Each structure stands twice: as structure tokens, then as C-alpha cells.
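Visitor: Give me the fold of what follows.
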Amino acid sequence: MVAFRSLLAFLAVVQGLAAYGQEGAAVPIDQLPAGTRAVLHAYPGVQAHTIDGRVAALYGKPMTEGPSPQAAEAAFWGVHPDALGVANLDLDTAAVRELSNSKFTVFQYRQRMGGLPVEYGIVRLLVLNAEPHKVVYVSGIVAEEPEAGFEPQALSAGDAIAFVSNLREYQHLVDWSDPELVVYAGDPVDGTFGKIAPVQAWKFTGHYPVPQLYERYTFFVDAASGELLHVRNEVYSADVAGTVKGWATPVVMCGTPPGPCARPDVGPPDPNPPMLQPMPNILVQITAGGSGSAYTDASGNFTIPHSGTEPVTVGVSITDGRWVRVDDPNHAELSLSQTVTPGTPATFTFNPPPHTASSPNTAQVNAFIYVNKIHDFLTGLLPGWSGLNYQLVASVNGGPGVGTCNGFFTGSSIGLAPSQPNPPLGTCVNIAYGSWIVHEYGHFVVQQLGLPQYDAFGEGFADACSLLLFDDPCWGRETYGVPGTCRRDYSPGQPERTYPCQAGGHQCGMVLGGLWRDIREQLVNAGDDPSCPEPPGDAQALCMARQLFADWSQITNGGVAVLSSQGTAVLYEAAHPLTMIEILTVDDDDGDLGNGTPNCQWICNAGAQHGLGCASGCTPPEPPGTGYIVSFRAPLVWYTSVTGGIDPYGLAVGDLNGDGLKDLVLACEGRPSGADDGKVLVYLGQSSSPTSYAFQAPTVYNLGIGTRPAK
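Guide: Here you go, the predicted structure:
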């Protein structure tokens, strides 16, 4: 879809620059790696995006082509094996799947060195499925192989565990995993990835299973020197103890599907009793009088083939889910059994009335149902992805998190605390309910995507899962039993978190969560999308936002770690300029970001609310209005000196958006419209007559392209 021609591409051609440097700063193309320069020269208009000096993405124009997605992909790596600036890049294909009803095919890879997986080494390549198929996006986090090779291995797997387990701070850990030999090249979370020489390392985990003090770490030990290279904390909490901000928003009760998302209390002042819902993907077994089993379908129905007619005993347990195993360390896990006559339907009902507030039984059923809801929600949007088809443990009523009114993700399980006092905030309800469960599962999704949690990125991604599944801007509704309050409030009118963010992980995660909530809100203005069955408007906007989010998850590099402006701390950005490029890329339909994307104006509107401009040249719509009247008596070129104003201007004239009207670009000192050095004003043509042109209100772009002309 042609929405706008690229203003930024026009300016880049004039200046001979590529988008390069710290999140979009422009530098000469000749400073890019040779392999990256070859891509830019082969496909004019392709942009290179770098983060912290590394090439992170190539995007903006179609690249190699082929009669099939595989042919286009093979052609790209055949011609450009070092496109990401790393020579001899060894990639192992991890997955190939279609996105957005076959609109795209995404190839996902793991980097390898010497036959070993590189921790955090990931690459994504996106093909637009058309005739011909075209590579439109390549991104990655990759490291250089050491020129001299790896040092000889001197440490065994057992030696590595013995070394770490004897360190004073880790002597209490138990249940050590079997070590795996990997390549460690640093950690993107602390900004060291690619900056240290890669080494072969033993990777293993150890954990401390005491619920209230639960710990789990992944260790990397240099297999040559025996040095402990890095320790990664694998416990990610949904929130931290502190002050709750009580935003006054209406209590939301979501219908089925997806189910109630408010707190699970049943009494005044805000009744929200359990409601009867199907339990899909649970194993039902004949335990006596025969044999056989079956999983229930989406409606909770099951059929077990059986040849006899005599009564049999049938059992079902909440620990036997296909995608979740509910664990309760302080109560018996729910199970049911009854005698069933073949041919006569039987009904099994978990947790029947009467119910009590913050009931342990309700917590067990909630954990089972909501893990299934978020699993089926995401796999329904991404039918080709099997990464979530794993039985996750959901620990409730006293697992990890007990004593903290909190939730946790531990790498292989989620934990949700029971109702308990938590001074000075009050007494929380049992947090095993909708938004908390889905949030913790969101951390599992990040892990299965092979991405670092980055603290802020994991929190924002997990919030977005809940915001889009429930379509509720209030996350953690009424955690402390106060009607109308939220743990994190994304409602319209609430203060927006913006990039760059210099706060804690949960707060900075709201940049990403809020971005997706605002994209959902903005898409209400979009035109009809035939891929969504809902009519244009609110329901279709939700459908579009959900599919965009799912597709984006398959190509994103995740968050970034940056140094604070004072240079004293590492900050974690959940959303950043490359995030916008990624979202626009999966929204696009012709592989050319320079001419806009079907919904770029709404996506850019949402990004602007969080300090994230668009890199494609698709700007938020400006209200029509008459600007300055100018008569053109002769052709004008870039940086022509214009006299008669307060200060001289550099000026360019051309039809930037292809509407047949002249458009005006000014580089000025700062008057009359607030621009300063390194910024330009763009006036798009609005109307013309034989003697004059009328322009729309100006848009200011900070391009960092130099100073104003000399007076």
C-alpha cells in the first residue's frame, strides 16, 4: 500500500547517509562494515540500524528475490553471508513459519561457533510472500568468532559444578542441571555482548526450592580457565513490594471468552464470584474397568474410544493438563473420579459452589484455565509456532512468591502468592487470577522466543500479553481489594511512560506495554482489514493489534541495554526505535517502508505517545491548515540561501509525497517554528494556483544532519 513516499529517504539520498549509530543517528555509509555496505549498495534505499555500534537490522526496501520463501532466503545468505557485519557467520535454522495468514514467512536462526550454540546469538529473516518472494527484513544479535580460535578445554562438566557449588554465595543451591557446552560472548542485558572475546563455557542451573526464598540461577563457567563468567538470575517477579498507585478506573468484568479478569473475590464491596467455564486440554482417563484416555477440546468435551458397555471408573486431575500442571504445596491438588456408563455423557465439575474469597481451590482452577487461555490465544495467532507447546508448572497457594503478594517466573514454572498481609500496602487477594497468571506466562513466552528478559522488556511484553488478551487497560486489577485500583494502569488519560526511560524495570516496561495498548486504541481509526472477521471499528482494531503483536514477537530482537546519560548506570529499554521498525515491517505489504505501510499513521501515532518516532518516514497525520504562500520564480536546490527573513535558511523543494504538489523543506536556526540546528521543517503542499502554493502546517524532524548555513 502506498501511503507516503519517504521524506527521510529523500533527505538521506541528498546527504549520502545511512541510518546508523545510536538508535538512528546518521553517519557516513563508509563507516558501516563491508558486508553491510554491500547490501546497501545492492539495494538502494535499504537502511542499516545499529545499536551500540553493532548492525542490528537491515530494512526498508526489498532485497533478494526468489520463486519461494526458501529460495529468497537462500539467495540472501548466498550473496550476503556477512550482511550483519560478522564474517563466517554460522547459522543453525531453528524455525521456519508463516505469519499473518501467509503474508510473511519468518526464518529464525541460532548462531553457532565451532559447532556450539552461542548464548543469545539470534538472527531473524523475514520474507514477504508475493510473486516473486522478497526478503524485506534481516536482524540479529551476533558475535565475532575469535581469530585465533578457542583455548583448549581444561575443565570438565563436573569440575564446573563443583567449583560453583563450593562458592560461599551458592553453597545453598540444590538440583543442579547437567552442564551444556556453549559459546559465551557476553550478555546483552549488561551491554557486554559482542564486546568480549567469545569463549567456550559450561552452562548449567542451580536452584534453592524453599518457596518464600526461592532462587534459580544459570551459570557460565569458562571451560578453559575455570573462571565464573556470568550468573543470570532466572527468577522474574511480576511486581515488587512498594506503593500501589490507585488509579480510579471502572471495575472491568470480561465476558467469556476470555473470562473474568478482576480480582477473584466473591463478597462486598465488589462481588466477582467464579463462573462456570470449560477446561480445555485436560487429560481424562479410564482408571478401572478398562483403559483409554483423551484430552478435552476447546469446549471441555472429551471422547474416549471404548468397546464395552459395562460401567467404568473415569478420573481427571488438575495436574494433568496438556500445557499446564497445577502444583499446590499447601493443599491437595484437585481431582475427580466417578463411575460412568459408556454411551451416557458424564459431567465433571471442579470447585463447585459455595465459594469463599481468595479460595485455594479457585486459585487452582484459575491457574489451569488462564494458562490454557493465553497458550491457545498465542498459538491461535501463530499456528506455525510450537515453542509454547510445553507443560508449564503453575504453582499456587504457597509456591515461589509466598509471603510477598507477588508472582514469579522461574524458567520452568510460574508462581502465584495466596492472600496475605503485606504492610504497608494492605492485604492482597490470592493473585492466581487472570492478569497475574497471563503476565507470568508472558515471561515464559519471552524465554521461548530465545530473548533476554532485560528486566524492562520482559515486564512490558508480559503486560502486553494481558492487555491484548483481556482488552483491559488495568493490569493487576484490585490486587489489594480496593475497587477501581490497578497495579499498573494503561487507561487513556494516565501519564505515559516514554523512551528513553530512566526508572525501574516494571515502570520502564510500561513503555512497551503502553505502546501496544495505544496501537490497539489507534487502530480503531484504520480502514477495513479483510484478514479480521470483525467489522471495522473497536472489535476489528483489537483483532488487528493482536495479530500485529504476535507477528512482531517472531522477529523482534527484544529490548536494549544503554548507559545512562550520566554514565553511571545501565538502563534497560523495553521499547526503542528498532521496535518501531520491527512493528512497521510486519504491518507492511510490499516490502518498501519508504512508501509507508497500511497502518503506519496509527502505529506512528501510538509510538509518538511514548517518545518513539517512526523511521520509515510515515508521520502522524497533521490537521489541515494554511501555511506560508510562496511564489516559485526559479528552481531552488538544497541549501540555497534565502534572504529577507530573520535568519538565512537552507531550502529544498520537491514533490515528496507523490501528490503532484510542491513540498518545501527548510533547515533553519530556530525561527519562526522552534527548530534548531540539526532539525528541518517540512511543509507538505496543500493546494496550488497559477501564482501561489498553500502548505500544510509544518512537521519538525530532528535529523542531526548539520548546522544552519552561515549568515
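Visitor: Going by C-alpha atoms from here, please, whenever you check contacts or count neighbours.
Guide: Noted.
Visitor: can you give me the helices in the stretch 451-600 of the chain?
Guide: Using DSSP state H, counting those that start in this stretch, the helices assigned to the stretch 451-600 of the chain run over residues 456-470, 505-522, 538-553, 577-587, 600-608.
Visitor: Now these in TSV, please, with extra columns for mean pLDDT.
Guide: Output for the helices of the stretch 451-600 of the chain, formatted as TSV (pLDDT from 0 to 100):
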stretch	mean pLDDT
helix 456-470	95
helix 505-522	94
helix 538-553	95
helix 577-587	93
helix 600-608	92
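Visitor: closest to Asn88 out of those helices?
Guide: Judged by CA to CA, the one of the helices of the stretch 451-600 of the chain that comes nearest to Asn88 is helix 577-587, at 25.2 Å.
Visitor: Run through who's touching stretch 273-287.
Guide: Contacts to stretch 273-287, defined as CA atoms under 8 Å, 6 or more residues apart in numbering, come from residues 256, 259, 264-267, 291-302, 312-318, 320-323, 355, 362, 368-369, 372.
Visitor: if you set the cut-off to 6 Å instead, what comes out?
Guide: With contact meaning CA atoms under 6 Å, 6 or more residues apart in numbering, stretch 273-287 is reached by 266, 292-300, 313-316, 320-322.
Visitor: So which of these sit within helices?
Guide: Residues of the contacts of stretch 273-287 located in helices (DSSP state H): none.
Visitor: Local confidence estimate at the residue lying farthest from the centre of the chain?
Guide: Centroid-distance maximum for the chain: Glu310 at 52.9 Å, with CA atoms, centre = their mean. Predicted confidence (pLDDT) for Glu310: 81.
Visitor: how close does it get to Thr341?
Guide: Distance of Glu310 to Thr341, computed by CA to CA, to the nearest Å: 6 Å.
Visitor: ok so, going back, filter the contacts of stretch 273-287 down to the buried ones.
Guide: Val266, Ser293, Ala294, Tyr295, Thr296, Thr313, Val314, Gly315, Val316, Asp320, Gly321, Arg322 (16 or more other CA atoms under 10 Å).
Visitor: what's the fifth one in contact with, if anything?
Guide: Contact criterion CA under 6 Å, 6+ apart gives Pro280, Asn281, Ile282, Phe302 as the residues in contact with Thr296.
Visitor: Can you give me the neighbour number for the second one?
Guide: If I follow you right, that is Asn281. The tally of other residues near Asn281 (other CA atoms under 10 Å) stands at 24.
Visitor: what's near enough to touch Pro146?
Guide: With CA under 6 Å, 6+ apart, Pro146 has no contacts at all.
Visitor: neighbours around Ala346, how many?
Guide: 14.
Visitor: and it, which of the three is it?
Guide: Secondary structure assignment for Ala346 (DSSP: H, G, I helix; E, B strand; the rest coil): coil.
Visitor: From Ile141, how far off is it?
Guide: Taking CA to CA, one finds Ala346 at 53 Å from Ile141.
Visitor: Quick check: Val393 is in a strand.
Guide: Yes - membership of Val393 in a strand is supported by three-state DSSP.
Visitor: residues near it, how many?
Guide: 22.
Visitor: repeat for Thr356
Guide: The number of residues near Thr356, taken as other CA under 10 Å, comes to 15.
Visitor: Let me see the residues that make contact with the longest strand anywhere in the chain.
Guide: Identified as the longest strand of the chain according to DSSP state E is strand 116-128. Here strand 116-128 makes contact (CA under 6 Å, 6+ apart) with 104-112, 134-142, 182-184, 555.
Visitor: coming back round to it: out of the helices of the stretch 451-600 of the chain, which gets nearest to Gly384?
Guide: Using CA to CA, those put helix 538-553 closest to Gly384, at 11.2 Å.
Visitor: Identify the residues contacting that closest one?
Guide: With CA under 6 Å, 6+ apart, helix 538-553 has contacts from Leu99, Arg520, Leu523, Val524, Glu534, Ile583.
Visitor: rerun at 8 Å
Guide: With contacts defined as CA under 8 Å, 6+ apart, helix 538-553 is touched by 99-100, 378, 381-382, 449, 468-469, 471, 516, 519-524, 526, 529, 532-534, 582-583, 586-587.
Visitor: Could you turn the buried ones of these into a PyMOL selection?
Guide: Buried members of the contacts of helix 538-553, defined by 16+ other CA under 10 Å, are picked up in PyMOL with:
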select buried, resi 99+100+378+381+382+449+468+469+471+516+519+520+521+522+523+524+526+534+582+583+586+587
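Visitor: Would you mind giving both backbone torsions of Thr498?
Guide: Per-residue torsions, Thr498: phi -130, psi 160 (degrees, to the nearest 10).
Visitor: ok, and the closest non-adjacent residue to it?
Guide: His610 (4.1 Å; CA to CA, 6 or more residues apart in numbering).
Visitor: nearest residue to Pro535 other than its sequence neighbours?
Guide: Asp528 (7.4 Å).
Visitor: For that neighbour, give its distance to Asp297.
Guide: Taking CA to CA, one finds Asp528 at 32 Å from Asp297.
Visitor: Could you list the domains of the protein?
Guide: Structurally, the chain divides into domains by automatic domain parsing as follows: 7-145+552-608, 157-234, 282-321+330-340, 623-711.
Visitor: out of the buried ones among the contacts of stretch 273-287, which are inside strands?
Guide: Checking these against DSSP E, those in strands are Ser293, Ala294, Tyr295, Thr313, Val314, Gly315, Val316, Asp320, Gly321.
Visitor: Which residues are in contact with Trp516?
Guide: So Trp516 contacts Ala464, Ala545, Phe549, Ala606 (CA under 8 Å, 6+ apart).
Visitor: ranking the residues you listed by neighbours, who comes first?
Guide: Result: Ala464 is most packed of those (other CA under 10 Å), 28 neighbours.
Visitor: quick one: contacts for that residue?
Guide: Ala464 touches Leu512, Gly513, Gly514, Trp516, Arg517, counting by CA under 8 Å, 6+ apart.
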